[in-house]
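Colleague: Got a sequence here, can you model it:
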Amino acid sequence: MAISIETLFKERKFPFIFTFLILLLCVMILLFANNNNTITFSTSSTLDTIGFYPNVKVQEQIPNPSPLVLQDSSTKSPKEKEQELHKNKGLLNKVEGFGNVEVKIDWKLCKGVVAVDYIPCLDNLKAIKALRSRRHMEHRERHCPDSRPRCLLPLPKGYKVPVPWPKSRDMVRLIIWYDNVPHPKLVEYKKEQNWVVKSGEYLVFPGGGTQFKEGVTHYINFIEETLPAIQWGKNIRVVLDAGCGVASFGGYLLDKNVITMSFAPKDEHEAQIQFALERGIPSTLSVIGTQKLTFPDNGFDLIHCARCRVHWDADGGKPLFELNRILRPGGFFAWSATPVYRDDERDQKVWNAMVTVTKAMCWNVVAKTVDSSGIGLVIYQKPTSISCYEKRKENNPPLCTYNDRKNSSWYARLSSCLIPLPVDDMSNIQSWPMPWPQRLTSKPPSLSTESDAAEMFDKDSRHWSQLVSEVYVDGLSINWSNVRNVMDMNAGYAGFAAALIDLPLWVMNVVPIDMPDTLTTIFDRGLIGMYHDWCESLNTYPRTYDLVHSNFLFKNLEKRCDIVDVVVEIDRIVRPEGYVLVQDSMEVMNKIGPILHSLHWSVTLYQNQFLVGRKSFWRPRP
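Modeller: Numbering: from 1, shown residues only. As a prediction, this is how the structure comes out:
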């Protein structure tokens with residue numbers, strides 16, 4: 001029998017009524033929130049999202065920080081965003097809501113004149129000063145500090161969200177904000193070479209350079225006309241540009257479906273690679289000194305050098321032996337430099353040394369010419385047969401033994417030998433990959449010959465194609481139109497990058513040194529990447545990536561290093577309003593989420609397996 005309202009009043013059951021109403025209200029709120037936080041896909045599946053903003057407890061009399069909403073915030077200027085976030089001066093964040101995990105960090109700004117552009121393993125002045133020699137560019141190589149800094153890098157004064165990569169790439173990619181890379185030294189040093197020009201609040205890149213007298217487009221076409229076998233974007237897809245300047249060569253090759261790994265050291269030319277990455281061009285900091293480059297054996301289709309200031313014949317030719325290692329059989333080395341076309345004593349001495357070393361390596365000169373502006377070009381080709389090695393009168397340089405042929409070149413010294421040419425299961429030289437774009441999805445020549453390798457590769461490709469299309473692109477709160485520079489921290493076969501190939505972005509595929517070595521396979525697919533140890537800092541400038549992706553990486557890292565240090569490194573390399581996208585276990589999410597939130601990143605969890613963090617403009621007060 002139902003109890004009447006009158007009976008309840010007579011029996012004074014007000015506490016029961018009050019409690020019942022409160023419970024009812026809570027249930028209604030939860031149901032409403034759940035309905036608003038469900039994303040529906042065309043596949044008729046749903047992806048439940050959880051607002052991942054834990055309760056933040058701070059010191060008394062300090063207001064709670066408002067989480068950054070994942071939406072287009074272009075209506076506010078960067079200065080307004082910075083002022084809004086800086087009002088929480090002196091925050092001591094205690095973040096809860098991720099299981100039993102608590103994070104209590106009092107973040108401080110890094111100090112010093114180089115703090116804004118600090119690169120821990122390249123700016124270790126103590127280690128650099130202690131070097132016995134700088135003859136072989138040792139001071140430009142990695143010298144990581146014993147402990148990684150827990151401070152946060154300040155933003156350049158007046159920093160703005162980078163000019164987005166445009167629909168019409170030819171027009172706007174030539175412009176970046178001057179305040180984001182305020183380095184007038186390079187502008188002044190290269191003003192007569194037409195590399196970069198300051199125009200008001202912008203830096204403009206006309207496409208000139210030391211060797212590009214008639215513009216970089218003319219120069220690129222000149223190379224292909226000189227050797228028609230170089231079919232940009234078909235036969236030649238993966239290129240290395242040594243000593244790249246501001247990477248105009250690689251930038252313009254993008255229009256021809258060529259992906260170029262541009263590299264240069266952090267040197268007196270001041271922030272060349274930072275300029276390149278700000279433009280949205282694939283680039284990394286590196287130098288050919290005493291150690292191998294962090295690229296795989298037999299990876300690049302073509303290597304280019306235009307007055308790159310590398311002494312290729314040094315130490316008996318070790319720098320050229322290194323190029324031979326990373327160049328695939330039948331690949332090309334295009335060298336545009338003064339010894340090719342000048343007759344003075346110094347240049348002729350260099351040219352004669354190059355002739356000696358390249359002949360010993362069995363490289364053939366397949367083209368040598370001078371263009372209309374008087375710039376010379378020579379193109380070498382790496383052999384595809386072992387017959388030349390067998391016919392040499394002297395075994396110098398010798399062929400490397402098997403122990404010298406480890407693909408992982410992490411902290412490995414330059415070799416004095418030539419790597420043997422790779423062979424397939426039929427004992428023939430591995431074939432050149434399929435023409436682009438077929439090579440992206442075809443079986444890579446370097447794929448393991450084990451019976452299930454091809455099946456695993458196909459399965460991996462299908463997995464990433466579905467995950468990226470159904471979840472990453474259509475399901476997560478990521479504005480992909482603002483994403484240009486992407487880093488995959490644990491690339492595998494680069495299925496993530498392959499699935500994004502139709503978007504106007506590029507992916508740096510990283511193969512961690514403690515993971516299976518798949519980097520040559522990644523290059524076979526027509527993509528780029530490098531080796532790295534995520535327990536150390538990356539050789540890149542701060543604020544150079546729009547999105548960093550991690551797929552089941554952190555659990556392995558925990559065994560060797562502190563997760564806080566890895567997250568701080570992600571914060572260093574991601575631009576304000578950039579993203580981190582993590583797929584991992586809830587155990588890992590419970591550790592990463594609070595750290596990101598203590599850094600004032602907004603954090604959202606999807607399906608208890610995908611974490612999306614977005615970086616704000618917040619920095620601690622000095």
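
Colleague: how much space between residue 329 and residue 422?
Modeller: As for residue 329, its distance to residue 422 is 7 Å (criterion: Cβ to Cβ, to the nearest Å). For every residue, glycine as well, the C-beta is placed using N, CA and C.

Colleague: between these two, who's got more neighbours?
Modeller: residue 329 (19 against 15; other Cβ atoms under 10 Å).

Colleague: Tell me if that one really is in a strand.
Modeller: Yes: according to DSSP: H, G, I helix; E, B strand; the rest coil, residue 329 belongs to a strand.

Colleague: Please enumerate the helices of the stretch 501-622 of the chain.
Modeller: Taking DSSP state H, counting those that start in this stretch, the helices of the stretch 501-622 of the chain run over residues 519-524, 554-557, 563-573, 586-598.

Colleague: Out of these, which is closest to residue 158?
Modeller: With Cβ to Cβ as the measure, helix 563-573 is the member of those nearest residue 158 (19.6 Å).

Colleague: Return the set of buried residues in the closest one.
Modeller: 564-573 (16 or more other Cβ atoms under 10 Å).

Colleague: Which single one of those is nearest to residue 508?
Modeller: Using Cβ to Cβ, residue 573 is the member of those that sits closest to residue 508, with 10.4 Å.

Colleague: Surely the closest one and residue 545 touch.
Modeller: Yes: between residue 573 and residue 545 there is a contact under Cβ atoms under 8 Å: 5.2 Å.

Colleague: Common neighbours of these two, please.
Modeller: Residues touching both residue 573 and residue 545 (Cβ atoms under 8 Å, 6 or more residues apart in numbering) are residue 487.

Colleague: Can you tell me which of the buried residues of helix 563-573 is closest to residue 524?
Modeller: residue 573 (26.9 Å).

Colleague: and that closest one, what does it touch?
Modeller: Neighbours of residue 573 in contact, by Cβ under 8 Å, 6+ apart: 487, 538, 540, 542-545, 548.

Colleague: try it again with 7 Å
Modeller: 538, 540, 542, 544-545, 548 (Cβ atoms under 7 Å, 6 or more residues apart in numbering).

Colleague: Would you convert those into JSON lines that also reports pLDDT, neighbour count and distance to residue 372?
Modeller: Output for these, formatted as JSON lines (pLDDT from 0 to 100; neighbours: other Cβ atoms under 10 Å; distance: Cβ to Cβ, whole Å):
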{"residue": "538", "pLDDT": "97", "neighbour count": "25", "distance to residue 372": "42"}
{"residue": "540", "pLDDT": "96", "neighbour count": "21", "distance to residue 372": "37"}
{"residue": "542", "pLDDT": "95", "neighbour count": "22", "distance to residue 372": "42"}
{"residue": "544", "pLDDT": "95", "neighbour count": "24", "distance to residue 372": "37"}
{"residue": "545", "pLDDT": "97", "neighbour count": "25", "distance to residue 372": "40"}
{"residue": "548", "pLDDT": "98", "neighbour count": "25", "distance to residue 372": "44"}
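
Colleague: Take these and write them to TSV, including distance to residue 579.
Modeller: As requested, these are exported to TSV (distance: Cβ to Cβ, whole Å):
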residue	distance to residue 579
538	17
540	17
542	16
544	14
545	9
548	7
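
Colleague: how many neighbours does the closest residue to residue 476 other than its chain neighbours have?
Modeller: Leaving aside its sequence neighbours, residue 476 sits nearest to residue 612 (Cβ to Cβ, 6 or more residues apart in numbering; 5.4 Å). Applying other Cβ under 10 Å, we find 23 residues neighbouring residue 612.

Colleague: Run through the bridge partners of residue 612.
Modeller: residue 581, residue 604 (DSSP bridges).

Colleague: Could you pull out the strands in the stretch 251-400 of the chain for me?
Modeller: Ranges of strands in the stretch 251-400 of the chain, per DSSP state E, counting those that start in this stretch, are 259-264, 283-285, 300-306, 327-336, 364-370, 376-381.

Colleague: Which of these sits closest to residue 587?
Modeller: Closest approach to residue 587 among the strands of the stretch 251-400 of the chain (Cβ to Cβ): strand 283-285, 32.3 Å.

Colleague: Name every strand pairing with that closest one and say which way it goes.
Modeller: Here, using DSSP bridges, strand 283-285 pairs with strand 259-264 (parallel).

Colleague: Rounded mean pLDDT for the partner strand, please.
Modeller: Mean per-residue pLDDT for strand 259-264: 94.

Colleague: next one: stretch 485-501
Modeller: 97.

Colleague: Quick one: residues contacting residue 444.
Modeller: 433, 521, 524-525.

Colleague: CSV please, covering those and showing neighbour count.
Modeller: What follows is these, written out as CSV (neighbours: other Cβ atoms under 10 Å):
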residue, neighbour count
433, 23
521, 26
524, 29
525, 32
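
Colleague: Of all pairs in those, which one is the farthest apart?
Modeller: Using Cβ to Cβ, those span at most 10.3 Å, a distance reached by 433 and 521.

Colleague: Tell me the one of the buried residues of helix 563-573 nearest residue 277?
Modeller: Distances from residue 277 to the buried residues of helix 563-573, taken by Cβ to Cβ, are shortest for residue 573, at 9.8 Å.

Colleague: returning to what we had before: looking at the contacts of residue 444, spot the one nearest residue 588.
Modeller: For the contacts of residue 444, the nearest to residue 588 is residue 521 (26.4 Å; Cβ to Cβ).

Colleague: pretty sure the closest one is touching residue 492, no?
Modeller: No: between residue 521 and residue 492 there is no contact under Cβ atoms under 7 Å: 9.2 Å.

Colleague: what about residue 311, distance to residue 224?
Modeller: Residue 311 is 28 Å from residue 224, by Cβ to Cβ.

Colleague: same deal with residue 491?
Modeller: Taking Cβ to Cβ, one finds residue 491 at 30 Å from residue 224.

Colleague: These two: who's more crowded?
Modeller: residue 491 (26 against 14).

Colleague: Quick one: residues contacting that one.
Modeller: 497, 509-511, 522, 529.

Colleague: Run through the stretch 51-200 of the chain and note the low-pLDDT ranges.
Modeller: Counting by pLDDT under 70, the ranges of the stretch 51-200 of the chain that qualify are 51-102, 165-175, 177-179, 182-200.
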